[in-house]
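Q: predicted model follows, preceded by the sequence.
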Amino acid sequence: MKKETYCLLENYMLSCMEDAAHDKEHIYRVLYNALEIAASENDVDYDILIAACLLHDIGRKEQFENPALCHAAVGSEKAYRFLTLHGFDPAYAGQVKRCIQTHRYRKNDPPQSLEAKILFDADKLDVTGAIGIARTLLYKGIVSEPLYSVLPNGTVSAGENDAAPSFFQEYKYKLEGLYSRFYTKKAAQMAEERRSIAAAFYNGLYREVNSTYQRGREKLDEIIPPSDQS
């Protein structure tokens with residue numbers, strides 16, 4: 001890929017990125033993760049891979065404005081239009097489109113090409129470890145969702161049985177189970193190196209808030225007997 005082509009794609013990406021949890025730095029991390037993964041694979045088409053990495057989240061704005069939309073589907077169409085309008089071969093644009101279309105995990109539409117699998121893995125890596133925790137907390141703040149839910153008995157829910165969204169619920173339903181979902185050996189190794197950091201943060205935070213509620217309610221019950229509390 002020539003430098004001017006890279007800059008063209010990069011500038012278009014930059015014009016589309018407005019979500020703080022999926023900002024331009026997320027794009028660069030995904031790209032750099034992808035290049036590290038690709039170095040351990042054979043016959044990678046870097047022209048397809050780099051373009052797909054740069055453009056994979058350009059549909060985020062539309063999804064944020066209308067949650068019924070899938071940013072992968074929207075972004076893949078936007079990428080195809082942009083590439084063909086700028087003179088790229090439709091066959092090449094179609095391959096980039098498919099990579100973007102399948103980077104968001106769906107059982108009925110998994111990534112097929114090597115470049116699509118690398119993009120998928122690189123994107124998922126950015127939800128593992130410390131960076132995954134940080135991005136999730138940032139997003140929860142943006143959409144005004146809490147850290148945790150409190151059960152009817154006054155204890156803090158660990159998140160695994162929650163229907164209401166929270167950081168703990170997101171960790172149990174999504175973040176905790178990511179580590180077995182990679183296509184490439186290199187990405188799986190990279191993810192495993194990060195697993196303990198994320199688990200330690202979640203477990204430490206749960207212990208802190210749970211013990212605070214337990215001790216606090218016990219003290220409150222000593223001062224104000226439960227039958228007297230409103």
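A: Yep, it's here. Numbers count the residues shown, from 1 in each chain.

Q: C-alpha from now on. contacts and neighbour counts both.
A: Fine.

Q: so where do the helices sit in this structure?
A: Assigned by DSSP state H, the helices in the chain fall at 3-16, 24-38, 46-55, 60-65, 71-85, 90-101, 114-125, 129-142, 167-170, 185-223.

Q: out of those, flag the one nearest residue 178.
A: helix 114-125 (7.6 Å; CA to CA).

Q: show me this protein divided up by domain.
A: 1-126, 127-222 (automatic domain parsing).

Q: among those domains, which is the most enclosed?
A: domain 1-126 (a mean of 19; mean count of other CA atoms under 10 Å).

Q: for it, what is the average pLDDT?
A: Domain 1-126 carries an average pLDDT of 92.

Q: on that earlier part again, so which of the helices of the chain is nearest residue 150?
A: helix 185-223 (9.4 Å).

Q: do you know which of the helices of the chain lies nearest residue 151?
A: helix 185-223 (11.1 Å).

Q: list the contacts of stretch 96-112.
A: Stretch 96-112 is contacted from outside by 48-49, 51-53, 55-57, 72-73, 75-77, 79-80, 113, 115-117, 119-120, 123, using CA atoms under 8 Å, 6 or more residues apart in numbering.

Q: local confidence estimate at residue 227?
A: 73.

Q: for the closest residue to residue 136 other than its chain neighbours, what are its contacts?
A: Spatially, and ignoring its direct neighbours in sequence, residue 136 is nearest to residue 167 (7.1 Å; CA to CA, 6 or more residues apart in numbering). Neighbouring residues of residue 167 by CA under 8 Å, 6+ apart: 136, 137, 140, 145, 146, 147, 148.

Q: for the most centrally placed residue in the chain, give me phi and psi.
A: Nearest to the mean C-alpha position of the chain, counting by CA atoms, centre = their mean, stands residue 127 at 4.6 Å. Residue 127 adopts backbone torsions of phi -110, psi 0, taken as degrees, to the nearest 10.

Q: hmm, residue 133 and it touching each other?
A: Yes - Residue 127 is within contact range of residue 133, at 7.1 Å (criterion: CA atoms under 8 Å).

Q: CA atoms of stretch 58-66 as PDB?
A: Below are the C-alpha coordinates for stretch 58-66, written out as PDB (Å, rounded to 0.1, in the frame of the first residue of the first chain):
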ATOM      1  CA  ILE A  58     -16.700   4.100  10.400                       C
ATOM      2  CA  GLY A  59     -20.400   3.000  11.000                       C
ATOM      3  CA  ARG A  60     -20.200   3.700  14.800                       C
ATOM      4  CA  LYS A  61     -21.900   7.100  14.600                       C
ATOM      5  CA  GLU A  62     -24.900   5.700  12.800                       C
ATOM      6  CA  GLN A  63     -25.300   2.900  15.300                       C
ATOM      7  CA  PHE A  64     -24.900   5.200  18.200                       C
ATOM      8  CA  GLU A  65     -27.600   7.500  16.800                       C
ATOM      9  CA  ASN A  66     -29.800   4.500  16.000                       C
END
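
Q: chain center to it, what's the gap?
A: A distance of 14 Å separates the centroid of the chain from that of stretch 58-66, by CA atoms, centre = their mean, to the nearest Å.

Q: for residue 195, what are its contacts?
A: 128, 129, 179.

Q: if I look at residue 5, how far off is residue 56?
A: Using CA to CA, to the nearest Å, residue 5 is found at 16 Å from residue 56.
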